[in-house]
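**Q** here's a sequence, model it:
(one chain, ligands or ions: 1)
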Amino acid sequence: MSGRPSPTRRTVLRGAALTPVAGLGLAACSPGGETTDAEPSAPVDLGAESEVTKGSVKLYRDHNVVVSRDANGTLKAYSTICTHALCPINKLEGTKLVCPCHGSEFDATSGEVLHEPATVPLKELPVQAKDGRIVAGPAATA
Ligand code: FES
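**A** Residues are numbered from 1 along each chain as shown. Below is the predicted model:
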């Protein structure tokens, strides 16, 4: 009896099923649909001041705050709790904040509504640079 041919031919599909998509994080939806996230109720240290250079915007998802710095170096901060139904906004495209819940859009540098359903601007928060850190939240400038 001669041995039967071994199954040396394997079909190897490369790349067909593996399409790595570098993650820019899809919205992490919680099953319950509810969130307890909220804007800061006290000043929070967001990070190094150098993280927000002139003309740039940074979204601090963990604290629900967006900070921008204009060409003069002035900092501005807004709560990123959507004014429509209080979802935390988790997406920043350039200077545009996009709410994952119903698609409202806001200008991150002014808080103004760019796209409904939200009609109320984002809430401005006090912000300051302190010892090389950005601190935002109520009473931060007191
Ligand atoms: Fe943001 Fe509805 S909660 S669009």
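
**Q** so residue 108 makes contact with residue 91?
**A** No. Applying CB atoms under 8 Å as the test, residue 108 and residue 91 come out as separate, 10.6 Å apart. Yep, even glycine has a C-beta here, placed from its N, CA and C like the rest.

**Q** the two: which has the busier surroundings?
**A** Counted by other CB atoms under 10 Å, residue 108 and residue 91 do not tie: residue 108 has more neighbours, with 26 against 17.

**Q** show me the contacts for that one.
**A** Contacts for residue 108 (CB atoms under 8 Å, 6 or more residues apart in numbering) come out as 57, 59, 66, 68, 78, 92, 95-97.

**Q** mind running it again at 7 Å?
**A** Taking CB atoms under 7 Å, 6 or more residues apart in numbering, we find residue 108 in contact with 57, 66, 68, 78, 92, 95-97.

**Q** give me the common contacts of residue 108 and residue 91.
**A** Residues within reach of residue 108 and of residue 91 at once, by CB under 7 Å, 6+ apart, are residue 97.

**Q** count the residues that sit near residue 133.
**A** By other CB under 10 Å, neighbour count at residue 133 equals 14.

**Q** what does the protein put close to the ligand?
**A** 82, 84-85, 87, 99, 101-104, 117-118 (CB under 6 Å from any ligand atom).

**Q** so which of the contacts of residue 108 belong to strands?
**A** When DSSP state E defines the strands, the subset of the contacts of residue 108 inside them is 57, 66, 68, 78, 92, 96-97.

**Q** for those, which one is nearest residue 130?
**A** residue 68 (17.5 Å; CB to CB).

**Q** okay, the ones in strands among the contacts of residue 108 in a markdown table with pLDDT and distance to residue 123 next?
**A** Shown next, in a markdown table, are the ones in strands among the contacts of residue 108 (pLDDT from 0 to 100; distance: CB to CB, whole Å):
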| residue | pLDDT | distance to residue 123 |
| --- | --- | --- |
| 57 | 98 | 17 |
| 66 | 98 | 11 |
| 68 | 98 | 15 |
| 78 | 98 | 6 |
| 92 | 98 | 17 |
| 96 | 98 | 17 |
| 97 | 98 | 13 |
